[in-house]
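Q: attaching a predicted model along with its sequence, questions to come.
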Amino acid sequence: MDKPLAVVIDSLTVQLAGNYCLEISSLAVKQGEAVLLYGENGSGKTTLMKVLSGLVKPDAGVLKVLDRDLTTMTDQQVSQFRADCIGHVFQELNLIPFLIAMQNIVLPCGLSASRAGNAASSGLTPEYEAYQLMARLKFEDPDRLKKDADQLSRGLQQRIAIARALMGKPRLVLADEPASAMGSYSRKLVYELLTTWARENDSTLICISHDEQADVLFDRRINIKDINKNAELNPLW
């Protein structure tokens, strides 16, 4: 039996500063599918991720994520939906600098009773789940997680952002260049963790990357120019 769709887009348009940056006629991603999104810089990949997480509102079209119509929800409803159901690794990371690394990782469980419950149902405290996720990223120095996030290297900050996104088993993970500051070995670890974790939890994964060694790990590869009519017309986004 076919799995339900985690993402449905139809005739979606997004304008920024009066210019169309996204014009997508259709996109469908199945529950549990791992999708690699790639393409030229400024072609709309990051904007699409922010649309999927409800941070950018489309101007027109159908946008359904995990069977919820984001276009009909209030800002408060979208914010809570995002906290409950979506793990987002931002390109700019968006760690909270005055919180220690561990507090950044477990933050989703403080914002969402659903994700805190998911951690508890596994018999784990949020902190122990955080240690497990970091160990899978080959980080084994718990004392460094007691440091403020802004005191750590960019590569370690990316690991923290990845672990934060996976905390509490969200149903959708959006990862925007999650390993860009890492070496080849560490990048491979990141993509292996993301795809393996998604399959373990039947979560949907959409990841932006230009790393060829990641290709074979994903179920499907999508070039943004094949779905976004404005990918090459307005290379500003």
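A: Yep, that arrived. If you're wondering where the values come from, they're calculated on a predicted model, not measured in any experiment.
Q: so where's this structure uncertain?
A: For the chain, residues meeting the criterion pLDDT under 70 lie at 1, 232-237.
Q: in the lengthiest helix in the chain, what's buried?
A: Secondary structure of the chain per DSSP state H: the longest helix is helix 184-201. Buried positions in helix 184-201, judged by neighbour count with 16 or more other C-beta atoms under 10 Å: Ser186, Arg187, Lys188, Leu189, Val190, Tyr191, Leu193, Leu194, Thr195, Trp197, Ala198, Asn201. In this view, the C-beta of every residue, glycine as well, is placed from N, C-alpha and C.
Q: what's the answer for stretch 105-122, then?
A: Buried residues in stretch 105-122, counted by 16+ other C-beta under 10 Å: Ile105, Val106, Leu107, Pro108, Cys109, Ser112, Ser114, Arg115, Ala116, Asn118, Ala119.
Q: how about stretch 33-42: buried residues?
A: Glu33, Ala34, Val35, Leu36, Leu37, Tyr38, Gly39.
Q: residue ranges of the strands in the chain, please?
A: Taking DSSP state E, the strands of the chain run over residues 5-16, 19-30, 34-38, 60-65, 68-69, 86-89, 172-176, 204-208, 220-223.
Q: given the fifth one, what are its sheet partners and their directions?
A: Paired neighbours of strand 68-69 in the sheet (DSSP bridges): strand 60-65 (antiparallel).
Q: could you export the strand it pairs with as PDB, keeping only the C-alpha atoms?
A: In PDB, the C-alpha atoms belonging to strand 60-65 read as follows (Å, rounded to 0.1, in the frame of the first residue of the first chain):
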ATOM      1  CA  ALA A  60      -0.900  31.600  -3.800                       C
ATOM      2  CA  GLY A  61      -1.300  27.800  -4.200                       C
ATOM      3  CA  VAL A  62      -1.800  24.700  -2.200                       C
ATOM      4  CA  LEU A  63       0.700  23.900   0.600                       C
ATOM      5  CA  LYS A  64       0.000  20.800   2.700                       C
ATOM      6  CA  VAL A  65       2.500  19.500   5.200                       C
END
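Q: could you pull out the buried residues of it?
A: Gly61, Leu63, Lys64, Val65.
Q: cool, stretch 51-61 as well?
A: Using 16+ other C-beta under 10 Å as the test for burial, stretch 51-61 gives Val51, Leu52, Ser53, Gly54, Val56, Pro58, Gly61.
Q: and which of these is nearest Phe81?
A: Closest approach between these and Phe81, by C-beta to C-beta: Gly54, at 6.8 Å.
Q: spatially nearest residue to that closest one (excluding sequence neighbours)?
A: Among residues not flanking Gly54 along the chain, Val78 sits closest, at 3.9 Å (C-beta to C-beta, 6 or more residues apart in numbering).
Q: hang on, that neighbour packs against Leu52?
A: No. The criterion here is C-beta atoms under 8 Å, and Val78 misses it with Leu52 at 11.3 Å.
Q: contacting residues for the most centrally placed residue in the chain?
A: Of all residues in the chain, the one closest to the mean position by C-alpha atoms, centre = their mean is Leu174, 1.7 Å from it. Counting by C-beta atoms under 8 Å, 6 or more residues apart in numbering, Leu174 touches Met49, Leu52, Ser53, Ile86, Gly87, His88, Val89, Ala165, Ile206, Cys207.
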